[in-house]
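Peer 1: build me a model from this:
(chains A, B, C and D)
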Protein chains: 2
Amino acid sequence: MATVSRQETAAREAWGLLMELAFANKSRFIAAMAEFDLTPALGHVLRLLQPGKPLPLNDLAVALHCDASNVTGLVDRLEARGLVARQPGERDRRVKELVLTPEGLSVRTQVLDRMGTPPEGIRALSAADQRALRDVLRRALGRGQ
Amino acid sequence: MATVSRQETAAREAWGLLMELAFANKSRFIAAMAEFDLTPALGHVLRLLQPGKPLPLNDLAVALHCDASNVTGLVDRLEARGLVARQPGERDRRVKELVLTPEGLSVRTQVLDRMGTPPEGIRALSAADQRALRDVLRRALGRGQ
DNA sequence: TATTGTTATACTCTATAACTATA
DNA sequence: TATAGTTATAGAGTATAACAATA
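Peer 2: Below you'll find the model as predicted:
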């Protein structure tokens, strides 16, 4: 047989590099959230809570891919900080909806800006490389043309 | 002034897509490690422990970007499972080095193979896209030509 | 004095199970 | 009966501080 077994394909290497980039960014992300006195998990809650769109706690649990019991504690902490508020659901009295407070909205805006800022390695790429990366990743996520 | 403020640049969008891909992969990674009865953290320890290269616990803490006190517990669990062993350092008697057991080596090989397998979105890309992604990421990590 | 590793302790994130109040 | 949210509890991962052994 030919020399086939366990060769490093472009896909495998690309995936390894992508994970390396994401992993290297982990500390940076934790530090960025810490500037707002937030943990990564709390930052994700703020990210998912869109302004003007009350979010049932159950939907939040689904979006976070975690158990509903987990959400209680996360929301408790954000509420104690005055960043979010629980309000009763409109139709179903079992439901509690989460909304941003004015300060929560302000913090969220800053947090999203920070989260979305690419690390140095990406920023240093040529404009053509940045576009190529964007286009390939769009296709990888099923959003290509 | 021209329309400049807060436009979505290619770099920002690429970074957002990259994080989305990494985040979507998180559950997949946890599930893959669980097949070996490992948590992600324990999987990373195995990944960092190269065959034939005894690794001082302190070096492991540095590689994991975590405190040394944390490493004690991680290694305790892997040692209890028979996947690694502590052995005294060669020159410095303060140092304990970590080595893979034969079973640890076997598990590590399978774990690395799993970790390195790209998710469906990457595998479905054209060969040209896969190479383009690899090449751009190499440059982003400072390993381009 | 400084370093390696451990122990004691505490906090966050996560899950499961049992509970409540609704539906 | 089923669902939304909470509480109780437990385990993993992380950190800081204090400690023992060694350098």
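
Peer 1: residues touching the residue most central in space within chain A, list them.
Peer 2: By Cα atoms, centre = their mean, chain A has its centre lying nearest to A:His44, at 5.1 Å. Neighbouring residues of A:His44 by Cβ atoms under 8 Å, 6 or more residues apart in numbering or on different chains: A:Leu64. (C-beta placed from N, C-alpha, C; glycine too.)

Peer 1: swap in 10 Å and give it another go.
Peer 2: A:33, A:38, A:60, A:63-64, A:66, A:74, A:111, A:115, B:23 (Cβ atoms under 10 Å, 6 or more residues apart in numbering or on different chains).

Peer 1: next one: A:Ser69
Peer 2: A:Ala61.

Peer 1: show the pLDDT at it.
Peer 2: You'll see A:Ser69 listed with a pLDDT of 98.

Peer 1: again with A:Val99
Peer 2: Taking A:Val99 on its own, its pLDDT is 98.

Peer 1: and chain A, which residues reach DNA strand C?
Peer 2: Contact residues, chain A versus DNA strand C (Cβ under 7 Å from any atom of the strand): A:39-42, A:64-67, A:69-70, A:73-74, A:77, A:92-94.

Peer 1: below-threshold pLDDT in chain A: ranges please.
Peer 2: Scanning chain A for pLDDT under 70 picks out A:1-7, A:145.

Peer 1: go again using 50 as the cut-off
Peer 2: Scanning chain A for pLDDT under 50 picks out the ranges A:1-5.

Peer 1: how about the residues of it by DNA strand D?
Peer 2: Counting by Cβ under 7 Å from any atom of the strand, chain A sits next to DNA strand D at A:56-59, A:61, A:68-69, A:71-73, A:75-76, A:86, A:89, A:92, A:94-97.

Peer 1: in strands, which of the residues you listed fall?
Peer 2: A:56, A:86, A:96-97 (DSSP state E).

Peer 1: could I get those as a markdown table with distance to chain B and neighbour count?
Peer 2: A markdown table is the format used below for those (distance: Cβ to the nearest Cβ, whole Å; neighbours: other Cβ atoms under 10 Å in any protein chain shown):
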| residue | distance to chain B | neighbour count |
| --- | --- | --- |
| A:Pro56 | 22 | 15 |
| A:Arg86 | 26 | 14 |
| A:Lys96 | 26 | 18 |
| A:Glu97 | 24 | 17 |
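
Peer 1: any chance of a markdown table for these, columns distance to B:Leu18?
Peer 2: Shown next, in a markdown table, are these (distance: Cβ to Cβ, whole Å):
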| residue | distance to B:Leu18 |
| --- | --- |
| A:Pro56 | 30 |
| A:Arg86 | 34 |
| A:Lys96 | 34 |
| A:Glu97 | 32 |
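
Peer 1: of those residues, which pair is most distant in space?
Peer 2: Using Cβ to Cβ, these reach their maximum pairwise distance at A:Pro56 and A:Arg86, which is 10.4 Å.

Peer 1: list residues touching both of the two?
Peer 2: A:96-98.

Peer 1: surely A:Gly142 meets B:Ala24?
Peer 2: No - contact status for A:Gly142 versus B:Ala24: not in contact, 11.0 Å apart, counting by Cβ atoms under 10 Å.
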